[in-house]
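K.L.:
Here you go, sequence then predicted model.
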Amino acid sequence: MKPIRIIPRLDVKGHNLVKGVHLEGLRVLGVPENFSEYYCKNGADELLYIDMVASLYGRNNLKQILERTAKNVFIPITAGGGIRSVEDIQSLLRAGADKVAINTAAVHSPQLISKAAKVFGSQCIVLSVQAMKVSNGKYEVYTDTGRESSGKNVIDWIKQAVDLGAGEILITSIDQEGTGDGYDIDLISDVTNSVSVPVIACGGAGSSEHILDIVKNCNVDAVSAASIFHYDHIQNLEIEKRKEGNIEYLKAFKANGRSILKRINPVSISKLKEKLTESIPGYTPHKTHYPKKKYINSMKSKPVVTLVDYGRSNLFSVIHAFESIGAKVEVSDKPSKILKADKIVIAGVGAFEDGMIELNERRLIPTIQERAKNKKPILGICLGMQLFMDQSEEFGITKGLSLIRGKCVRLTGNNIKIPHIGWNQILYSETNNPIFQNVVSGSWMYFVHSYIVVPEDMNMVIAKTKYGQNKFCSAIRNENITGCQFHPEKSGVAGLNIYKNYIDC
């Protein structure tokens, strides 16, 4: 069975973590970054940040929170709330988000989905749907944090959004949200049976049994919850030493938690995963490790890494990943500096065509090609690796950098969700490849993509990943050129080891 992602949901108002019922009655719990770091260490697969009042006030407050969070966590982050434009998406991605969740603006202007998918790729665009059951037993889409009815049928809207380019669905039941009564199985089943993209279930989890129920009975790819994780963490906090949050409420909770929470039975993410493993035959959670303090800044010297800025990189996360292992990072779009750099990294999220356009506008294509010809090290991450190829079939045929002969094609297979989003294993047999030193075959890495590379010379493939019945190229190497389809900066210690190995080799 595929590993189901466990995603703590962190609702934010201003600079505070809040929680309510039916998306209303928000109560301040504390500092979101502190909760995020705890969840990362406790085994969370991703984090979900939602600005609860951004759509109401016409602004998004997540950028600074994302930047603070990305400094200390090495797992993927989805951010939503108040996103109105391609520029808003770009701002959040550069601040540390890996995906964005869009609700209100997408309902009001569906073409935002297709515009965003064309720039950032479908795998980056999550359609957030707030659903409420109406009188005829159907479900209706609500916007503005569950306050406004759109008149749209949930299933019809989701199908339309997927056709426009949405790569993942976050479905939240307003009726169940915050109640602790469990997920709306009928709603979630209708959604998973209607689309072939990944689905995240949200709204109503009050116990580990509720999550077991949704995993067993619905073809979900991830489950998101808030209260059961937040209150488990609060149980272990020293409230008296805290200065943030509703202190009196939190003290009362610690003294009389069961009477206050009523239907909520808190559980840690690690305990939840143990229960899933015990209760569901074939269930395999991903296994990665959060970097410990002794790992941070472990390099003896301060090597310099130049990160190529072509407008499509998740700069913040990559910068902090390299800094965490002791490297110095320079960000540049200057051809002369990139050509002379000791080590460069071309990271990126987005569509192939848009990536090549951005490189061309900055006059970086001949620079990167000359660097490759001079046998200077180049590391490509996700889109960066795909750009190495001769061409891509994404949104028509687009010419690439031609550093490696081959093409970029859509991921295909029977009974699989596309995009491929989540944790999966890299498999390799060449034990002496320097990029995989201290990274065992079978290590779990984080993927988020719809397209794969197919080199003409398959001997350049240094790692593969199984998805469904097929295996695709997940890492490639041609002398000085190395590429990873996954995101090392989001893959715990194993991913950071790959960055460290790139600097060393």
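P.N.:
Right, received. Where do you want to start?

K.L.:
Now do the same contact list for Gly175.
P.N.:
Rather than Gly, residue 175 is Asp. Applying Cβ atoms under 8 Å, 6 or more residues apart in numbering to Asp175 gives the contacts His22, Met132, Lys133, Asp184, Gly203. To be clear about C-beta, it is placed using only N, CA and C from the backbone, and glycine gets the same treatment.

K.L.:
again with Ser429
P.N.:
Ser429 sits next to Ser441 when contact means Cβ under 8 Å, 6+ apart.

K.L.:
Can you measure across stretch 481-498, start residue to end residue?
P.N.:
One end of stretch 481-498 sits 14 Å from the other (Cα to Cα, to the nearest Å).

K.L.:
Show residues contacting the helix or strand encompassing Gly151.
P.N.:
In the assignment (DSSP states H and E), Gly151 maps to strand 148-153. Outside strand 148-153, the residues within contact range by Cβ under 8 Å, 6+ apart are Val107, Met132, Lys138, Tyr139, Glu140, Val141, Tyr142, Thr143, Trp157.

K.L.:
if we can go back for a sec, TSV for the contacts of Asp175, including neighbour count?
P.N.:
Shown next, in TSV, are the contacts of Asp175 (neighbours: other Cβ atoms under 10 Å):
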residue	neighbour count
His22	15
Met132	18
Lys133	17
Asp184	24
Gly203	28
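
K.L.:
Return the closest of the residues you listed with respect to Ala463.
P.N.:
Lowest distance from Ala463 to the contacts of Asp175 (Cβ to Cβ) belongs to Gly203, with 37.4 Å.

K.L.:
these two touch, right, that closest one and Gly180?
P.N.:
No: Gly203 lies out of contact with Gly180 (Cβ atoms under 8 Å); the separation is 10.8 Å.

K.L.:
Count the residues that sit near Tyr502.
P.N.:
The tally of other residues near Tyr502 (other Cβ atoms under 10 Å) stands at 22.

K.L.:
Who are the contact partners of the residue nearest to it when sequence neighbours are not counted?
P.N.:
Leaving aside its sequence neighbours, Tyr502 sits nearest to Leu379 (Cβ to Cβ, 6 or more residues apart in numbering; 5.1 Å). Counting by Cβ under 8 Å, 6+ apart, Leu379 touches Lys343, Ile344, Val345, Ile346, Thr482, Gly483, Cys484, Tyr502.

K.L.:
So which of these are in helices?
P.N.:
In helices, judged by DSSP state H, the following of the contacts of Leu379 are found: Tyr502.

K.L.:
So which bits of stretch 222-238 are buried?
P.N.:
Using 16 or more other Cβ atoms under 10 Å as the test for burial, stretch 222-238 gives 222-234, 237.

K.L.:
same check, this time on stretch 343-361
P.N.:
343-359.

K.L.:
In helices only, show me these.
P.N.:
Phe352, Glu353, Asp354, Gly355, Met356, Ile357, Glu358, Leu359.

K.L.:
would you list these in TSV and tack on distance to Ala321 and pLDDT?
P.N.:
Formatted as TSV, these follow (distance: Cβ to Cβ, whole Å; pLDDT from 0 to 100):
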residue	distance to Ala321	pLDDT
Phe352	24	95
Glu353	27	94
Asp354	24	93
Gly355	20	94
Met356	25	96
Ile357	26	96
Glu358	22	95
Leu359	22	96
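
K.L.:
Show me what counts as buried in stretch 452-463.
P.N.:
Within stretch 452-463, the residues scored as buried using 16+ other Cβ under 10 Å are Ile452, Val453, Pro455, Met460, Val461, Ile462, Ala463.

K.L.:
and what of stretch 101-112?
P.N.:
Neighbour-count burial for stretch 101-112 flags Ala101, Ile102, Asn103, Thr104, Ala105, Ala106, Val107, Pro110, Leu112 (criterion: 16+ other Cβ under 10 Å).

K.L.:
Equivalent analysis for stretch 316-333, please.
P.N.:
Buried residues in stretch 316-333, counted by 16+ other Cβ under 10 Å: 316-327, 329, 333.

K.L.:
any idea how far the closest residue to Ala351 other than its chain neighbours lies from Glu278?
P.N.:
In this structure, Ala351 finds its nearest non-sequential neighbour in Gly121, 4.8 Å apart by Cβ to Cβ, 6+ apart. As judged by Cβ to Cβ, to the nearest Å, Gly121 and Glu278 stand 37 Å apart.

K.L.:
so what's Ser207 up against?
P.N.:
Gly180, Ile228, Ile264, Asn265, Val267.

K.L.:
What score does the closest residue to Glu353 other than its chain neighbours have for pLDDT?
P.N.:
Spatial nearest neighbour of Glu353, excluding adjacent residues (Cβ to Cβ, 6+ apart): Thr398 at 4.4 Å. What the model reports as pLDDT for Thr398 is 97.

K.L.:
mind starting the numbering at 24 from now?
P.N.:
Will do, 24 is the new start, and the previous item becomes Thr421.

K.L.:
Distance check, Thr421 against Glu90.
P.N.:
Taking Cβ to Cβ, one finds Thr421 at 32 Å from Glu90.

K.L.:
Same question for Glu60.
P.N.:
From Glu60 across to Glu90, the span is 14 Å (Cβ to Cβ).

K.L.:
Would you mind confirming that Ala344 makes contact with Val96?
P.N.:
No: the pair Ala344 / Val96 is not scored as a contact, 10.7 Å apart, by Cβ under 8 Å.

K.L.:
What is the most widely separated pair among the buried residues of stretch 124-135?
P.N.:
Distance extremes for the buried residues of stretch 124-135: the farthest pair is Ala124 and Pro133 at 15.4 Å, using Cβ to Cβ.

K.L.:
Would you quantify the distance from His443 to Gly436?
P.N.:
Taking Cβ to Cβ as the measure, His443 falls 9 Å from Gly436.

K.L.:
Among the contacts of Asp198, find me the one that's closest to Leu362.
P.N.:
Gly226 (51.4 Å).

K.L.:
Ramachandran coordinates for the closest one?
P.N.:
Main-chain torsions, Gly226, degrees, to the nearest 10: phi 110, psi 100.

K.L.:
who's in contact with it?
P.N.:
By Cβ under 8 Å, 6+ apart, the contact set of Gly226 is Ile194, Thr195, Ser196, Ile197, Asp198, Gln199, Glu200, Gly201, Tyr206, Asp207.

K.L.:
Need the max-distance pair from those.
P.N.:
Using Cβ to Cβ, the contacts of Gly226 reach their maximum pairwise distance at Ile194 and Gly201, which is 15.5 Å.

K.L.:
More neighbours: which of the two?
P.N.:
Ile194 (26 against 22).

K.L.:
What pairs with the helix or strand encompassing that one, parallel or antiparallel?
P.N.:
Ile194 is part of strand 191-196 when elements are defined by DSSP H and E. When pairing is defined by DSSP bridges, strand 191-196 lines up against strand 148-156 (parallel), strand 222-225 (parallel).

K.L.:
distance between the longest one and the chain's centre?
P.N.:
Strand 148-156 has its C-alpha centroid displaced from the chain centroid by 17 Å (Cα atoms, centre = their mean, to the nearest Å).

K.L.:
Give the next helix or strand downstream of it.
P.N.:
strand 162-166.

K.L.:
Now do that next one: which elements does it pack against?
P.N.:
If contacts are counted by 3 or more Cβ pairs under 8 Å, 6 or more residues apart in numbering; DSSP states H and E, strand 162-166 sits against helix 127-131, strand 148-156, strand 171-176, helix 177-187.

K.L.:
Pull the distance from it to the chain's centre.
P.N.:
Chain-centre distance of strand 162-166: 25 Å, with Cα atoms, centre = their mean.

K.L.:
who touches that strand?
P.N.:
Residues contacting strand 162-166 (Cβ under 8 Å, 6+ apart): 78, 126-127, 130-131, 152-157, 171-178, 180, 197, 210, 213.
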